[in-house]
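>>> Mind folding the following:
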Amino acid sequence: MVSGNALLLNQGTIYASLVRLEQRGWIGSRWGTSDNKRKAKFYSITAAGRRQLTADTHYWERLKDVIERVMTMDKSAEGADA
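Purely as a prediction, here's the structure:
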C-alpha cells in the first residue's frame with residue numbers, strides 16, 4: 001500500500017470520492033472486464049484533472065513549507081529558552 005497503512009479508507013469513502021471527482025470532470029470512467037473476468041469500472045485522470053492536480057500539488061507544497069517554517073521556529077524558540 002502506498003500510504004504504508006497510514007491512511008485507511010473504506011469502500012464507501014472511495015466510491016463517494018470517485019463520484020465527486022467524475023462530476024467535477026477531473027476523472028473519467030469506462031466499464032470493462034477485470035483480470036479475473038468480472039465487470040469493472042476503470043477510472044482515468046482527464047486533462048482538467050491533471051491541471052487541478054498540479055494546482056493542488058503547488059498549494060500543498062506551499063502549505064508544507066509554511067508548516068515547516070513554523071515548526072522550525074518553535075524549535076528555535078525552545079533552544080533560546082534554555
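
>>> any low-confidence regions in this structure?
Counting by pLDDT under 70, the ranges of the chain that qualify are 1, 74-82.

>>> Direction included, what does whichever helix or strand R30 is part of pair up with?
For R30, the element it lies in under DSSP states H and E is strand 27-33. Strand 27-33 has its sheet partners listed here by DSSP bridges as strand 39-45 (antiparallel).

>>> what's the offset of the partner strand from the middle of its chain?
Relative to the mean C-alpha coordinate of its chain, strand 39-45 is positioned 18 Å out (C-alpha atoms, centre = their mean, to the nearest Å).

>>> now stretch 26-46
Here stretch 26-46 shows a centroid-to-chain-centroid distance of 19 Å under the convention C-alpha atoms, centre = their mean.

>>> if we can go back for a sec, list the buried residues of the strand holding R30.
Of the residues in strand 27-33, those buried under the neighbour-count criterion (16 or more other C-beta atoms under 10 Å) are I27. Heads up, the C-betas are built off the backbone N, CA and C, glycines and all.

>>> Can I get that strand in CSV? Just the C-alpha atoms.
Once side chains and other backbone atoms are set aside, the C-alpha atoms of strand 27-33 remain, and they are given as CSV (Å, rounded to 0.1, in the frame of the first residue of the first chain):
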residue,chain,number,x,y,z
ILE,A,27,-11.6,11.8,-13.9
GLY,A,28,-13.4,9.8,-16.5
SER,A,29,-14.6,6.2,-16.3
ARG,A,30,-15.5,3.3,-18.5
TRP,A,31,-16.9,-0.1,-18.0
GLY,A,32,-14.7,-3.1,-18.9
THR,A,33,-13.6,-6.5,-17.8
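
>>> Identify the residues contacting it?
L18, L21, E22, K39, A40, K41, F42, Y43, S44, I45, T46, G49 (C-beta atoms under 8 Å, 6 or more residues apart in numbering).

>>> Show me what the fifth one is bridged to.
As for beta bridges, A40 partners with G32 under DSSP bridges.

>>> How about the contacts made by it?
W31, G32, T33, S34.

>>> Count the residues that sit near the last one.
Meaning S34. Residues contacting S34 under the criterion other C-beta atoms under 10 Å number 10.

>>> Kindly provide the distance from the closest residue to E22 other than its chain neighbours to L8.
Excluding its sequence neighbours, the residue lying closest to E22 (C-beta to C-beta, 6 or more residues apart in numbering) is S29, at 6.0 Å. Remark: distance between S29 and L8 (C-beta to C-beta, to the nearest Å) = 24 Å.
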